[in-house]
Each structure stands twice: as structure tokens, then as C-alpha cells.
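Colleague: Give me the fold of what follows.
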Amino acid sequence: MTVQDIRAFNRFYTNVIGALDYSRHLYAPYTLTESRVLYELAHSPRTDAADLRAELSLDAGYLSRILNKFEQDGLIERTTSRNDPRRRRVTLTARGRETGKLLEERSNEAVGSLLATVPAAERPRLAEAMTTVRTILSHGRPPRREDVVLREPGPGDLGWIVQRNAALYAVEYGWNADYEGLVARIVADFAEDHDPHLERVWIAELHGRPVGCVMCVRDEAPATARLRLLLVEPDARGLGIGGRLVTSVIDFARGVGYRDLVLWTNDVLADARRIYQRHGFALVAEKPHRSFGKDLLGQDWRLELHSTPE
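Modeller: Predicted coordinates:
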């Protein structure tokens with residue numbers, strides 16, 4: 001393979017995905033770079049300009065111009081970080097979240113249209129080729145936070161949630177098949193009947209494979225959402241995935257009008273508990289119980305969504 005081979009492929013692929021005229025391709029007033037910045041803000045909404053610049057390898061002046069444009073368009077708000085006055089925290093407004101959602105929907109439609117031209121029998125080969133390219137070009141480099149993408153579940157992902165929860169909790173905590181049955185019921189209830197405007201699932205993907213998940217569903221209490229089934233694969237821990245997943249649930253729940261966000265967990269899940277505490281959840285009740293073949297201490301946690309913890 002030569003340099004010219006790679007450049008030829010790049011010219012071909014950028015033309016296929018419409019990168020050279022991205023705003024017209026998606027019927028939106030934003031370039032590919034601007035859309036990528038908005039995407040990162042939508043999936044890591046409590047970030048600052050320095051982190052954003054590092055994650056996307058953007059020139060500071062270029063990113064500043066993009067953020068100025070977003071601020072003029074009413075998509076973001078910039079405030080001084082309470083933890084470090086030298087940093088500027090960037091937060092999406094309600095209009096920014098709606099714009100990000102619209103761009104993501106149009107991107108999904110565009111990719112869906114492209115995929116529709118590929119015969120079903122050829123799609124596994126295409127997926128394998130894409131994974132091969134990503135694996136080879138990232139060889140020797142450890143995964144980075146920006147390599148992780150949060151997305152909606154596709155075919156098979158809900159089954160993956162059940163399988164990985166059952167397998168990981170069996171290995172790490174010795175829980176029996178009762179837990180798999182519980183997860184299967186939760187996932188089946190969501191798959192069979194959920195309101196997409198008020199309930200959602202996120203899949204964390206790293207180099208083309210799922211490595212994490214979380215759910216936001218309606219609770220029985222009025223104006224209350226419930227966070228469920230937070231999971232991060234062991235080999236993907238340390239990349240901030242758990243925090244990003246919890247942040248996504250919080251911002252989604254707040255954005256659609258829930259007043260409170262609750263969750264149930266057990267005291268042995270120490271890593272998850274620390275994530276909840278960092279995001280402002282408060283422990284409201286504890287109760288010992290015998291479940292999944294173990295004696296456990298169940299915990300109820302709550303977050304008031306009208307408050308905004310740093």
C-alpha cells in the first residue's frame with residue numbers, strides 16, 4: 001500500500017459521506033467540524049473548552065470561533081468553572097439540545113440511506129472491514145476517551161445488555177441466574193412498551209463494539225425517572241464511560257421535564273456508587289435483602305433535577 005492509495009480512499013470516502021458539503025448534505029447551517037463539536041457537547045454536555053479542544057485536536061482559535069457562533073445562535077452557554085476559574089464551562093441550551101438531536105437524526109437517516117444500498121449479505125463483510133481499518137490504524141495506542149461513542153441501541157443491543165449484565169455480575173460478584181431474569185424482564189418491558197420521548201437507552205461503543213449501557217425509564221412516582229442497568233465492560237473502565245452515561249441520563253431526564261431521578265443499587269457496587277455521588281445523588285434509604293444468591297444491602301438514591309451540581 002502507498003500514500004497515494006490511502007489518499008485515493010480518503011477522497012472516495014469523503015465524497016461518499018458528503019463531508020465536502022456537509023451542511024447541504026444534512027440541510028443544516030453547520031459544517032462537518034461544527035456538527036462534530038455539537039455532537040461532543042450533546043454527549044458530554046458538562047465539559048469545558050480545554051477538554052473539548054484536546055479531545056478533537058482543534059486549534060484553540062478555531063474552536064473559539066465555533067463556540068462564538070454557537071453562542072450567537074443560542075445553542076450554548078459559557079460560564080466560569082467553579083472548580084477552576086481558569087476554565088470555561090460549556091453547556092448546551094435547550095435549543096442546543098434540540099439542534100444536536102436534529103443533526104443526529106439527519107446523520108442517522110443519511111447513513112441509513114447509504115447502508116440501504118448495501119446488500120444484506122455484504123453488510124457483515126463491510127462491518128468487518130471497517131473494524132479492521134480501525135484496529136490496524138490504532139494498533140499500539142491505548143483507547144482514549146474520544147474513541148468512545150454514545151449511541152442509541154441497534155438490533156441485538158438489548159440482548160447484549162441482558163447477556164453482559166448476567167455474565168459480568170456472575171464473575172465479579174457471584175450473582176446467580178435470578179439477576180439475569182431480572183435484567184431480562186427490565187429489558188423486555190422497555191422493548192415491548194416505552195415512550196421514546198420520555199424513556200431511552202444508551203449504548204457506549206468503543207472501536208465498533210459495545211462496552212457500556214444505561215437506561216432511563218419512567219418511575220411509578222409522578223414526574224420521576226429511574227436510572228437502570230448502568231454497566232461498563234472491565235477492559236473499557238477508566239475512560240470516563242460510566243460518568244458520561246450517567247450524565248446523559250441526567251440531562252435527558254432534566255430536558256424532558258422530570259422533577260426527580262432515582263435509582264436502586266447495592267452497597268457492593270462501590271464504583272457505580274462513587275459515580276452517583278459525584279453527580280449529586282443522595283442516599284435516601286437502605287435495606288438488607290437476600291437476592292441473586294447473596295446477602296446484600298440495597299440502596300435507594302435520588303437526585304433532584306432542578307438543582308445543577310458541578
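Colleague: who's in contact with Arg218?
Modeller: Arg218 sits next to Asp195, Leu198, Glu199, Thr224, Ala225, Arg226 when contact means Cβ atoms under 8 Å, 6 or more residues apart in numbering. Bear in mind the C-beta positions are built from the backbone N, C-alpha and C, glycine included.
Colleague: Let's see if you can find the most crowded of these.
Modeller: In terms of neighbour count, Ala225 stands highest of the contacts of Arg218 at 29 neighbours, by other Cβ atoms under 10 Å.
Colleague: Phi, psi for that one please.
Modeller: Backbone geometry at Ala225, expressed as degrees, to the nearest 10, gives phi -110, psi 160.
Colleague: Bridged to it, which residues?
Modeller: Arg218, Leu261 (DSSP bridges).
Colleague: these two touch, right, it and Asp260?
Modeller: Yes - assessed by Cβ atoms under 8 Å, Ala225 is found in contact with Asp260 at 7.4 Å.
Colleague: Secondary structure of His194: a helix, I assume?
Modeller: No - assessed with DSSP: H, G, I helix; E, B strand; the rest coil, His194 is coil; it does not lie in a helix.
Colleague: Quick check: it vs Ala54, distance?
Modeller: In this view, His194 and Ala54 are 36 Å apart by Cβ to Cβ, to the nearest Å.
Colleague: The two: who's more crowded?
Modeller: Neighbours per residue (other Cβ under 10 Å) separate His194 from Ala54, with His194 holding more: 16 against 12.
Colleague: so what's the residue lying closest to that one once chain neighbours are set aside up against?
Modeller: Spatial nearest neighbour of His194, chain neighbours left out: Val217 (6.9 Å); criterion: Cβ to Cβ, 6 or more residues apart in numbering. Applying Cβ under 8 Å, 6+ apart to Val217 gives the contacts Phe190, His194, Glu199, Ala225, Arg226, Arg228.
Colleague: Just give me the neighbour total for Arg125.
Modeller: Using other Cβ under 10 Å: Arg125 sits among 11 other residues.
Colleague: quick one: what helix or strand has it in it?
Modeller: According to DSSP states H and E, Arg125 maps onto helix 123-137.
Colleague: mind listing what's buried in stretch 102-113?
Modeller: Using 16 or more other Cβ atoms under 10 Å as the test for burial, stretch 102-113 gives Leu103, Glu104, Ser107.
Colleague: List just the nearest of these to Gln4.
Modeller: Gln4 has its nearest neighbour among those in Ser107, at 29.8 Å by Cβ to Cβ.
Colleague: so where does that closest one fall, helix or strand?
Modeller: According to DSSP H and E, Ser107 maps onto helix 94-116.
Colleague: So for that helix, mean pLDDT?
Modeller: Helix 94-116 shows an average pLDDT of 87 in the prediction.
Colleague: could you give the angle of it to helix 123-137?
Modeller: Following axes from the mean of the first three to the mean of the last three Cα atoms, to 10 degrees, one obtains 120 degrees for the angle between helix 94-116 and helix 123-137.
Colleague: Which strands and helices lie in contact with helix 94-116?
Modeller: Identification of packing neighbours for helix 94-116 by 3 or more Cβ pairs under 8 Å, 6 or more residues apart in numbering; DSSP states H and E yields helix 32-43, helix 241-255.
Colleague: closest to Gly159 out of those?
Modeller: The closest of these to Gly159 is helix 241-255. By Cβ to Cβ, the value is 18.8 Å.
Colleague: Give me the buried positions along the closest one.
Modeller: Buried positions in helix 241-255, judged by neighbour count with 16+ other Cβ under 10 Å: 241-254.
Colleague: And for stretch 257-275?
Modeller: Quick answer for stretch 257-275 (16+ other Cβ under 10 Å): Tyr258, Asp260, Leu261, Val262, Leu263, Thr265, Asn266, Leu269, Ala272, Arg273, Ile275.
Colleague: Now do the helices in this protein.
Modeller: 3-16, 22-25, 32-43, 49-56, 60-72, 94-116, 123-137, 157-173, 177-192, 241-255, 270-278 (DSSP state H).
Colleague: if I read this right, Ala50 contacts Arg87, doesn't it?
Modeller: Yes - counting by Cβ under 8 Å, Ala50 does reach Arg87; the two are 5.9 Å apart.
Colleague: Can you give me the distance of the nearest residue to Arg53 once chain neighbours are set aside to Leu41?
Modeller: Excluding its sequence neighbours, the residue lying closest to Arg53 (Cβ to Cβ, 6+ apart) is Leu63, at 5.1 Å. Leu63 is 11 Å from Leu41, where distance means Cβ to Cβ.
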